[in-house]
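Undergrad: everything below, folded, please.
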Amino acid sequence: MEQVDNKKKILIVDDEPNVRRLSRTVLSKKFIVYEAEDGKQAIDIASAEKPDVILMDMMMPKMDGLTACYAIKNDPATKSIPVIMVTAIGFELNIKLSQQMGAIGYVTKPFAPKELLDKIQQILVTP
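TA: Numbering: from 1, shown residues only. Sure, this is the predicted structure:
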């Protein structure tokens with residue numbers, strides 16, 4: 001039986017409960033999953049739990065994903081956590097903005113569960 005302690009931690013940040021539910025369903029088999037519904041919660045959970053990867057929606061109330069990503073990447077305690085932006089908008093400008101804010105990946109919604117898992121695995125094995 002696999003020990004829970006050995007599982008990597010993923011933080012899903014999205015204001016849409018259905019997106020969080022789908023992502024949790026896909027990811028909870030392999031990972032410990034945390035959830036946040038806005039950027040402010042994401043920063044708090046990232047600081048407290050130190051997830052191995054953050055999946056961050058771009059457009060959210062209270063604090064958008066780009067602002068939260070920038071804050072996480074500029075905090076010495078959380079700056080090493082990889083952030084993947086997950087958004088419905090695939091504009092080249094948004095991809096460039098997310099990279100400038102510190103994100104290392106970009107997935108466009110709707111996404112295939114395998115696409116998401118592959119992107120996470122790719123990031124987790126990259127030193």
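Undergrad: tell me what the helix or strand that contains Leu117 is packed against?
TA: In this assignment (DSSP states H and E), Leu117 forms part of helix 113-125. Helix 113-125 is packed against helix 17-27, strand 53-57, strand 83-87, strand 105-108, with contacts defined by 3 or more CB pairs under 8 Å, 6 or more residues apart in numbering; DSSP states H and E. (Each C-beta comes from the backbone N, C-alpha and C, glycine too.)
Undergrad: show the pLDDT at Pro113.
TA: Pro113 is assigned a pLDDT of 85 by the prediction.
Undergrad: swap in the one 5 residues further on?
TA: Note on Asp118: pLDDT of 89.
Undergrad: can you tell me the distance between the two ends of stretch 57-75?
TA: Between the opening and closing residues of stretch 57-75 we find a distance of 19 Å, counting by CA to CA, to the nearest Å.
Undergrad: so for it, mean pLDDT?
TA: The model assigns stretch 57-75 a mean pLDDT of 94.
Undergrad: now stretch 24-42
TA: Per-residue pLDDT values across stretch 24-42 average out to 95.
Undergrad: tell me the angle of whatever helix or strand Ala48 lives in relative to strand 53-57?
TA: Counting by DSSP H and E, the element that carries Ala48 is helix 39-49. Note on geometry: by axes from the mean of the first three to the mean of the last three CA atoms, to 10 degrees, helix 39-49 and strand 53-57 are set 170 degrees apart in direction.
Undergrad: hang on, the earlier thing: please work out which of the helices and strands packed on helix 113-125 is packed deepest.
TA: Comparing these by mean neighbour count (mean count of other CB atoms under 10 Å), strand 53-57 ranks first with a mean of 27.
Undergrad: which elements pack onto the helix or strand following it?
TA: Past strand 53-57, further along toward the C-terminus, the next helix or strand under DSSP H and E is helix 65-73. Using 3+ CB pairs under 8 Å, 6+ apart as the contact definition, the elements that helix 65-73 packs against are helix 39-49, strand 53-57, strand 83-87, helix 92-100.
Undergrad: quick one: helix 65-73 to helix 92-100, angle?
TA: For helix 65-73 and helix 92-100, the angle between their directions (the same axes, to 10 degrees) works out to 20 degrees.
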